[in-house]
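Undergrad: I would like the atomic coordinates for the input below:
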Amino acid sequence: MIVSAYQPFFAPFPAFFAKALLSDVFVLFDSVQFPNSGTWLNRNRFKCGQGELRITIPVVHAGGPHRIDEVRICRGGSWARKHLASLRSAYARAPFFEEHEPFLAGLFGKPPERLVDFNLAILKHVLVQFGVEARVVLLSELGIAAREPHLSVEVCRRLGGSVFLAQRAAEKFLGAETFAAAGHELRTFAYHPEIYPQLHGPFIQNLSAFDLLFACGPKATGILRSWLRPVV
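TA: Okay, the predicted model is just below:
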């Protein structure tokens with residue numbers, strides 16, 4: 001059984017879902033520490049007529065370290081209405097935006113209290129669109145408090161996995177020998193995105209997976225699979 005993991009990012013890039021397509025169990029690390037800065041947990045990149053459209057979900061910083069699943073979204077203000085309007089304006093002419101607009105309208109119309117619930121709603125929606133069959137598990141449900149690389153090893157052990165899947169860039173960080181000592185295999189894969197038909201001028205790589213879905217609809221899964229290279 002192949003186990004993999006990612007933090008529950010906000011509307012993440014396609015590689016997030018590519019890993020899920022290759023997995024039997026996909027673990028979302030919702031109970032690790034929320035970074036102090038520079039995180040994709042509450043921001044991402046889309047595309048509009050002016051180029052990149054950056055959207056950030058405002059969160060409450062009340063001092064001290066917080067787990068991801070403890071972070072609250074800022075209440076009040078007009079950010080949700082403005083973000084939805086920006087997405088509608090940017091993708092109104094995208095062939096498949098209309099199919100996803102009701103979901104976005106419902107989510108931005110009444111955002112949940114926690115950031116993780118907001119992100120999970122998006123992740124579940126997109127996982128279905130890409131036809132991902134992996135079982136999704138939250139780290140908070142497993143009650144594991146270890147740190148990497150032992151965290152991923154323990155997750156694999158707890159779930160009965162024989163293989164832990166990671167992108168090649170993470171191989172040195174995780175360490176194959178750590179997994180081997182615990183009786184598991186660390187396996188890596190490569191991901192090489194190519195150009196697909198975007199709106200608004202020159203192609204921009206690694207936008208939110210919504211950009212691919214809005215542009216390509218049912219063909220998006222086949223496109224995503226074509227970017228994967230053999231697992232090694």
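Undergrad: quick one: the helices in the chain, in order.
TA: With helices called from DSSP state H, the chain shows them at 14-21, 79-91, 97-109, 115-129, 139-142, 150-158, 171-174, 176-181, 209-216, 220-226.
Undergrad: just the ones you listed: most buried one?
TA: helix 209-216 (a mean of 24; mean count of other Cβ atoms under 10 Å). Using the backbone N, CA and C atoms, a C-beta is placed for each residue, glycine as well.
Undergrad: now do it, average pLDDT.
TA: For helix 209-216, the mean per-residue pLDDT is 98.
Undergrad: tell me which other helices or strands it touches.
TA: helix 14-21, strand 43-48, helix 97-109, helix 115-129, helix 220-226 (3 or more Cβ pairs under 8 Å, 6 or more residues apart in numbering; DSSP states H and E).
Undergrad: pull the CA atoms of it into CSV?
TA: Only the C-alpha atoms of helix 209-216 are listed here, as CSV (Å, rounded to 0.1, in the frame of the first residue of the first chain):
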residue,chain,number,x,y,z
ALA,A,209,-5.1,23.5,-9.9
PHE,A,210,-8.3,25.4,-10.4
ASP,A,211,-6.7,27.1,-13.4
LEU,A,212,-6.2,23.8,-15.1
LEU,A,213,-9.8,22.7,-14.2
PHE,A,214,-11.4,25.9,-15.4
ALA,A,215,-9.5,25.6,-18.7
CYS,A,216,-9.6,21.9,-19.5
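Undergrad: so who does Leu21 touch?
TA: Leu21 makes contacts with Phe130, Gly131, Val132, Ala134, Thr221, Leu224, Arg225, Leu228, as judged by Cβ atoms under 8 Å, 6 or more residues apart in numbering.
Undergrad: quick one on the thing from earlier: got JSON lines for the helices and strands packed on helix 209-216, with distance to Ser31 too?
TA: What follows is the helices and strands packed on helix 209-216, written out as JSON lines (distance: least, Cβ to Cβ, whole Å):
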{"stretch": "helix 14-21", "distance to Ser31": "18"}
{"stretch": "strand 43-48", "distance to Ser31": "21"}
{"stretch": "helix 97-109", "distance to Ser31": "23"}
{"stretch": "helix 115-129", "distance to Ser31": "9"}
{"stretch": "helix 220-226", "distance to Ser31": "28"}
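Undergrad: ok, of the contacts of Leu21, which one's closest to Gly51?
TA: Sorting these by how near they are to Gly51, with Cβ to Cβ, puts Leu224 at the top with 23.4 Å.
Undergrad: how close does the closest one sit to His184?
TA: 26 Å (Cβ to Cβ, to the nearest Å).
Undergrad: tell me what Arg187 is bridged to.
TA: Taking DSSP bridges as the rule, Arg187 bridges to Leu165.
Undergrad: now do it against Val60, distance only.
TA: 38 Å.
Undergrad: these two - which one has more neighbours?
TA: Using other Cβ atoms under 10 Å as the criterion, Arg187 and Val60 rank with Arg187 on top: 18 against 13.
Undergrad: hmm, back to that, distance to Leu199 added to the helices of the chain, as TSV?
TA: Below are the helices of the chain laid out as TSV (distance: least, Cβ to Cβ, whole Å):
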stretch	distance to Leu199
helix 14-21	17
helix 79-91	7
helix 97-109	10
helix 115-129	18
helix 139-142	36
helix 150-158	38
helix 171-174	36
helix 176-181	42
helix 209-216	7
helix 220-226	15
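Undergrad: weakest of these by average pLDDT?
TA: helix 171-174 (a mean of 80).
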